[in-house]
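K.L.:
I need the structure of the sequence given here:
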Amino acid sequence: MDVILNDIVDANDLRKFRHQYEEQCGRGVPSEKAQFEYSICLVRSRGEQEIKHGIALLEDLFKRTHDPGTRRDCLYYLTLANTRIKNYEQALTFSDAFLKIEPMNRQVKDLQHYAKIQLRKEGLTGMAIVGGAALALGGA
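P.N.:
As a prediction, this is how the structure comes out:
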C-alpha cells in the first residue's frame, strides 16, 4: 500500500504534462488525454494543493467524457488522490463507484480497506479527544 500512496511524480514529467495541458488550454479546451495525464501527475505530487487541483481536473474529466475506460481510470485516481490527502470518506465514495465497474480490482480494494482503517482510527482518536476534553471540563 505504501508504494501506491508514496509514488511521487518525476518533476520533469510534471513540467512536461503541465506544459502540454496549458498549451492546449490556450487554444481552447484541452484534449481528454492531456487533461488526464496532467491530472495524474498532480495526484502523484507532494503538495496537497497540487493533489486537490488534480482532483478537480479528474472530476471535470469524469463529467465530460463518454469513454468508459477514462471514467474508470478517473475513479481510480480520484480514490488514490483522496486517500493521499486523507479525505477518506470521499475516497470510499469513489472506490465504491469503481468497484461497481470492476469488483475484483485488488488495488482499489486495498485502497478502500486502508481508507476504512484510517477512518476508524480517526474516529477513535476523535472520541478520545472529546472524552479527554469532557473529563478536563468536568474536573474544572
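K.L.:
Every contact and neighbour count from this point should use C-alpha atoms.
P.N.:
OK.
K.L.:
Let me see the confidence value for residue 132.
P.N.:
pLDDT, residue 132: 41.
K.L.:
cool, and residue 4?
P.N.:
83.
K.L.:
helices or strands up against the helix or strand harbouring it?
P.N.:
If you go by DSSP states H and E, residue 4 is part of helix 2-5. Helices and strands touching helix 2-5, by 3 or more Cα pairs under 8 Å, 6 or more residues apart in numbering; DSSP states H and E, are helix 68-84.
K.L.:
Go ahead and produce CSV holding the CA coordinates of the helix it packs on.
P.N.:
Only the C-alpha atoms of helix 68-84 are listed here, as CSV (Å, rounded to 0.1, in the frame of the first residue of the first chain):
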residue,chain,number,x,y,z
PRO,A,68,-15.9,4.0,-20.1
GLY,A,69,-12.1,3.4,-19.7
THR,A,70,-11.4,7.0,-19.0
ARG,A,71,-14.2,7.2,-16.5
ARG,A,72,-12.9,4.0,-14.8
ASP,A,73,-9.3,5.4,-14.7
CYS,A,74,-10.7,8.7,-13.3
LEU,A,75,-12.4,6.9,-10.4
TYR,A,76,-9.2,5.0,-9.6
TYR,A,77,-7.1,8.2,-9.4
LEU,A,78,-9.8,10.0,-7.5
THR,A,79,-9.8,7.2,-5.0
LEU,A,80,-6.0,7.4,-4.8
ALA,A,81,-5.8,11.2,-4.6
ASN,A,82,-8.4,11.5,-1.8
THR,A,83,-6.7,8.7,0.1
ARG,A,84,-3.4,10.6,-0.2
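K.L.:
from the middle of its chain, how far away would the helix holding residue 4 be?
P.N.:
Distance of helix 2-5 from the chain centroid (Cα atoms, centre = their mean, to the nearest Å) equals 13 Å.
K.L.:
Please name the nearest non-neighbouring residue to the residue positioned nearest the centre of the chain.
P.N.:
The centroid of the chain falls nearest to residue 81 when counting by Cα atoms, centre = their mean (1.6 Å). In this structure, residue 81 finds its nearest non-sequential neighbour in residue 43, 5.4 Å apart by Cα to Cα, 6 or more residues apart in numbering.
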